[in-house]
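Structure for this input, please:
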Amino acid sequence: MKDNASSYNSSIYDENITSVLPYYTEFHAQVIDVVRVLAMEKEEPIRWLDTGCGTGTLALRALDVIPNVSFMLCDPSEGMLEVAKEKLSGKNVSFNVAASDQLSYENEFDIVTAIQSHHYYDIPTRELAVKKCYNALKEGGIFMTFENIRMSTEESDAMALNRWGQFLLEHGWSPEGVKNHQARRGVEMFPITIEQHLEMLKNAGFKSVNLLWTSYMQAGFWTVK
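Predicted coordinates for the structure are as follows:
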């Protein structure tokens, strides 16, 4: 039986995450494709901050496709970063133990990403985290984030939650494990609607705010500073 904790154990995170989030690898594919096109237009190397980086899988995949990029990987978990350091040994990558709301970078990066990392925050802390990502970007830089979302009504949210529960069952979760995982919504994680995401990003100061991708109970957004 899979349980909540197993998905966040740094040593087995990668093998569990795809059984929790439908299309998780597509999140990375969408982000990398945006940066790949940007890299074609830039002569100088791209500086990329990935906050809430986990075990560094996004950076590893990106470096296979986009050679002229340097990464700063940030995560509040030292265990996650230790796995990332081993995975990315010899690559053009730096590391910092910090959460998004603790970032202190100013106008340093062409790209900032936060993939499935801000939905654990309450609204004020999430707003701070988004603003920190905004501050870290150079003018014209791109911020991309993927997050769990809430549907626009309680009825549609319940339907989407049931659909996600069926996905979990089909990927090895027990009924009890599914129930416990779903119960984390509103207690340990705090999803907001797509409309709320867009408004929060606008309020942070981004001049262009756009929906990149959505499916099940996740959505991706891309913005320009």
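
if I pick residue 218, what's in contact with it?
21-23, 27, 116, 146-149 (C-beta atoms under 8 Å, 6 or more residues apart in numbering). Quick note: C-beta positions are derived from backbone N, CA and C, even for glycine.

residues touching the spatially most central residue of the chain, list them.
Nearest residue to the geometric centre of the chain (C-alpha atoms, centre = their mean): residue 115, 0.6 Å. Residue 115 is in contact with 27-28, 31, 50, 52, 54, 58, 145-146, counting by C-beta under 8 Å, 6+ apart.

do that again at 7 Å, thanks
Neighbouring residues of residue 115 by C-beta atoms under 7 Å, 6 or more residues apart in numbering: 27, 52, 58, 146.

Residue 193 now?
Residue 193 touches 149-150, 152, counting by C-beta under 7 Å, 6+ apart.

one step back: name the member of the contacts of residue 115 with the most neighbours.
Tallying neighbours with other C-beta atoms under 10 Å puts residue 146 at the head of the contacts of residue 115, with 27 neighbours.

For the chain, which segments count as strands?
46-51, 69-75, 93-97, 109-115, 137-148, 208-215, 218-224 (DSSP state E).

quick one: which of the contacts of residue 193 is nearest to residue 63?
Using C-beta to C-beta, residue 149 comes nearest to residue 63 of the contacts of residue 193, at 28.8 Å.

which pair in the contacts of residue 115 spans the largest distance?
Of all pairs in those, the most separated under C-beta to C-beta is 27 and 52 at 12.2 Å.

where do the helices sit along the chain?
13-17, 24-41, 57-65, 78-87, 123-136, 154-170, 175-182, 194-204 (DSSP state H).

Run the chain-centre distance for the longest one.
Put plainly, it is helix 24-41. Taking C-alpha atoms, centre = their mean, to the nearest Å, one finds helix 24-41 lying 13 Å from the centre of the chain it belongs to.

Please identify the buried residues of it?
For helix 24-41, a neighbour-count test (16 or more other C-beta atoms under 10 Å) marks 24, 27-28, 30-32, 34-35, 38-39 as buried.

I'd like those residues laid out as CSV, including pLDDT.
Compiled in CSV, the buried residues of helix 24-41 are given as follows (pLDDT from 0 to 100):
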residue, pLDDT
24, 92
27, 96
28, 96
30, 97
31, 98
32, 98
34, 97
35, 97
38, 91
39, 91
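
Run through who's touching stretch 199-216.
22-23, 30, 127, 130-131, 134, 143-144, 160, 163-164, 194, 198, 219-225.

got the CA coordinates for that stretch in PDB?
Extracted in PDB, the C-alpha atoms of stretch 199-216 (Å, rounded to 0.1, in the frame of the first residue of the first chain):
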ATOM      1  CA  GLU A 199      -4.700  37.200 -10.500                       C
ATOM      2  CA  MET A 200      -1.900  36.400  -8.100                       C
ATOM      3  CA  LEU A 201       0.700  36.500 -10.900                       C
ATOM      4  CA  LYS A 202      -0.600  39.800 -12.200                       C
ATOM      5  CA  ASN A 203      -0.500  41.300  -8.700                       C
ATOM      6  CA  ALA A 204       3.100  40.200  -8.400                       C
ATOM      7  CA  GLY A 205       3.900  42.600 -11.200                       C
ATOM      8  CA  PHE A 206       4.300  40.300 -14.300                       C
ATOM      9  CA  LYS A 207       3.400  42.200 -17.500                       C
ATOM     10  CA  SER A 208       2.300  39.000 -19.300                       C
ATOM     11  CA  VAL A 209       0.400  36.200 -17.500                       C
ATOM     12  CA  ASN A 210      -0.700  33.100 -19.400                       C
ATOM     13  CA  LEU A 211      -2.000  29.600 -19.000                       C
ATOM     14  CA  LEU A 212       0.500  27.100 -20.400                       C
ATOM     15  CA  TRP A 213      -1.100  23.700 -19.800                       C
ATOM     16  CA  THR A 214      -3.800  22.000 -17.700                       C
ATOM     17  CA  SER A 215      -5.100  18.500 -17.000                       C
ATOM     18  CA  TYR A 216      -6.800  16.600 -14.100                       C
END
